[in-house]
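1. Show me how the following folds:
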Amino acid sequence: MNQITQLFNSSCHSWNNNIMALVDATTGLEIDNFSVTVQNVLDLSAQETMQILQALNQPLTGSVAIRRTRILIAVGVTMQTTTML
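-> Below you'll find the model as predicted:
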């Protein structure tokens, strides 16, 4: 399921593009309170980034900005958008 979502999200090229939520790697359920747009990901708090990365089985290390970028990459947003951070 996450691979299809990542493919859809790879078409995001601006801050206000909608993104599809990934599913929790453990439960297979959609991640609660997942961001709706790229900008929403960029506005996540430190705690929110940790919760989402944990659900995706991604590393929790780094600054909040690094973790936000890691989330965008995990959901499939293109590098062109992530380099605009």
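
2. Buried residues, the lengthiest helix in the chain. List them.
-> What stands out as the longest helix in the chain, according to DSSP state H, is helix 64-75. Buried residues in helix 64-75, counting neighbours by 16 or more other C-beta atoms under 10 Å, are found at 67-72, 74-75. To be clear about C-beta, it is placed using only N, CA and C from the backbone, and glycine gets the same treatment.

3. Look up how far R70 lies from the residue of the chain most remote from its centre.
-> In the chain, the residue that sits farthest from the middle, by C-alpha atoms, centre = their mean, is T27; the gap is 17.3 Å. Going from T27 to R70 by C-beta to C-beta, to the nearest Å gives 20 Å.

4. repeat for N40
-> Distance, N40 to R70, by C-beta to C-beta: 15 Å.

5. cool, Q6 as well?
-> On the measure of C-beta to C-beta, Q6 and R70 end up 14 Å apart.

6. I'd like to know how many residues surround N9.
-> Using other C-beta atoms under 10 Å, N9 has 23 other residues around it.

7. Revised request: answer the last question for Q54.
-> When neighbours are counted by other C-beta under 10 Å, Q54 registers 15.

8. What of L22?
-> 22.

9. isn't it right up against T5?
-> Yes - counting by C-beta atoms under 8 Å, L22 does reach T5; the two are 5.5 Å apart.

10. quick one: common contacting residues for those two?
-> Common neighbours of L22 and T5, using C-beta atoms under 8 Å, 6 or more residues apart in numbering, are V75.

11. re earlier: measure how far the longest helix of the chain is from the centre of its chain, please.
-> Counting by C-alpha atoms, centre = their mean, to the nearest Å, helix 64-75 is centred 6 Å from the centre of its parent chain.

12. Run through the residues that contact V23.
-> 1-2, 5, 29-31.

13. try A74
-> A74 neighbours (C-beta under 8 Å, 6+ apart): 6, 22, 53, 56, 58.

14. go on, L53?
-> 59-60, 67, 70-71, 74.
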